[in-house]
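[1] predicted coordinates and the sequence they were generated for:
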Amino acid sequence: MRARLLPASFLPALLLPALLLPWLAVTACGSAGEPVAEIAVAPAELELQLGAFVELSLRIIPLVDLEPGVVPQVFLHLIDEPGSVLRTFDHALPAGFLSGREIAYRVRVHQSVVAEPLAPGLYTLTAGLHDGKGGRFRLRSARPEVARFEYPVASVRVPEPSPTVPGVRFSPSWLPVEPGRYRQIVARRPLAGAGPGTFQIGPLQGPGEILLRLGLPAGGSGRIERLSEEATSKIRLQSSCGDFQAELPGEPEPNGSGVEILIPVPTTPTPVDCDVRIEPNFLVRIGDQAEARSISIELLAWRSGVPDE
């Protein structure tokens with residue numbers, strides 16, 4: 001079976017303005033008074049169990065043309081009752097922002113098993129547009145703002161932990177969990193050296209998909225050592241479910257990056273455990289760090305059912 005390789009939605013340079021400067025208005029066209037777009041998410045109510053991910057439909061309808069060079073970005077926040085931001089799912093628009101031309105696409109929200117679990121209860125998913133420089137755009141919405149140009153788009157229920165939730169077991173080659181960058185990547189689990197590293201997730205009742213994001217080292221963060229004669233850094237991945245295998249890019253980028261992949265789990269008559277093996281062909285040595293590293297798991301989640309095309 002073939003996996004769907006996904007563009008990583010994490011853009012570190014875009015997250016800080018969306019999180020830290022929500023009170024600033026944008027000086028572009030439409031920022032001072034008129035709304036620049038409408039935004040809607042479906043479904044408007046969802047459940048987010050520990051270790052699960054949910055795919056949402058997102059629609060943005062631009063109402064005006066912005067000044068040349070202004071490229072809006074999307075922020076999508078999970079907030080609690082006091083209004084604290086607990087998770088972010090910020091991303092770039094998949095198409096150009098042109099007045100009257102609807103932008104419709106799908107986006108995933110998740111509760112990764114690598115991160116600290118969210119407490120059971122009700123949360124709000126909020127959305128908006130920002131300019132990547134600390135400013136936000138006013139939007140047209142029937143619901144009041146929860147913060148400066150930030151609008152509620154869905155309610156999220158986190159249920160009590162269930163004994164049917166799949167468990168994850170990591171091989172000894174994985175280092176302890178570390179804090180992540182911002183609220184987009186809450187936690188990560190690094191791989192010691194080049195591994196290989198394996199994890200087992202289950203029991204899973206197929207069909208379904210495993211969502212995996214691997215963090216890559218930032219360019220210039222250390223000395224890269226390739227462990228093969230291959231000219232580029234690569235990550236080989238195998239899953240025991242469906243006899244799946246893939247080869248992922250592993251080249252570092254200036255600000256750090258990651259690669260996301262959906263691993264298919266075929267229809268199974270009974271629940272199964274999936275063994276996933278990850279083997280980079282490189283490792284990174286940073287300064288006097290005694291133990292070299294390579295990649296890290298930044299997101300691991302699961303959903304059942306046949307994926308929407």
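    Structure received. Worth saying up front: this structure is predicted, and the values here are computed from it rather than measured.
[2] can you list the domains in this protein?
    As given by automatic domain parsing, the domain ranges for the chain are 10-158, 167-304.
[3] mind checking the end-to-end distance for the shortest one?
    Domain 167-304 has an end-to-end distance of 15 Å (criterion: Cα to Cα, to the nearest Å).
[4] please apply the same query to stretch 178-191.
    Using Cα to Cα, the two ends of stretch 178-191 sit 11 Å apart.
[5] how far off centre is that stretch?
    11 Å (Cα atoms, centre = their mean, to the nearest Å).
[6] which SSE is immediately downstream of the helix or strand hosting Q245?
    Using DSSP states H and E, Q245 sits within strand 244-249. Later in the chain than strand 244-249, the nearest helix or strand by DSSP H and E is strand 257-265.
[7] counting by contacts, list what that following strand packs against.
    Packing partners of strand 257-265 (3 or more Cβ pairs under 8 Å, 6 or more residues apart in numbering; DSSP states H and E): strand 4-6, strand 208-216, strand 234-239, strand 244-249, strand 272-280. Backbone N, C-alpha and C define where each C-beta goes, glycine included.
[8] out of the ones you listed, name the one with the poorest average pLDDT.
    Mean pLDDT values for those show the minimum at strand 4-6, a mean of 48.
[9] about what we covered before: the strand holding Q245 pairs with which strands?
    strand 234-239 (antiparallel) (DSSP bridges).
[10] got a list of contacts for the strand it pairs with?
    Applying Cβ atoms under 8 Å, 6 or more residues apart in numbering, the contact partners of strand 234-239 are 210, 212, 214, 244-250, 259, 261, 263, 274-282, 295.
[11] likewise for stretch 272-282?
    For stretch 272-282, using Cβ under 8 Å, 6+ apart, the contacting residues are 191, 194-206, 210, 212, 214, 224-228, 230, 233-241, 250, 263, 265, 294-295.
[12] which among those residues end up buried?
    191, 194-199, 201-202, 204-206, 210, 212, 214, 224, 226, 233-235, 237-239, 241, 250, 263, 265, 294-295 (16 or more other Cβ atoms under 10 Å).
[13] which strand runs longest in this structure?
    strand 293-304 (DSSP state E).
[14] and it, average pLDDT?
    94.
[15] cool, and stretch 74-84?
    Mean predicted confidence for stretch 74-84 is 96.
[16] report the helix or strand with the lowest average pLDDT across this protein.
    Scoring the helices and strands of the chain by mean pLDDT, DSSP states H and E places helix 12-20 at the bottom, with a mean of 45.
[17] quick one: the strands in the stretch 1-150 of the chain?
    4-6, 37-42, 45-47, 53-62, 73-79, 85-88, 91-92, 103-110, 121-130 (DSSP state E, counting those that start in this stretch).
[18] not counting sequence-adjacent ones, nearest residue to E160?
    Of all residues not flanking E160 in the chain, P120 sits nearest, at 4.8 Å (Cβ to Cβ, 6 or more residues apart in numbering).
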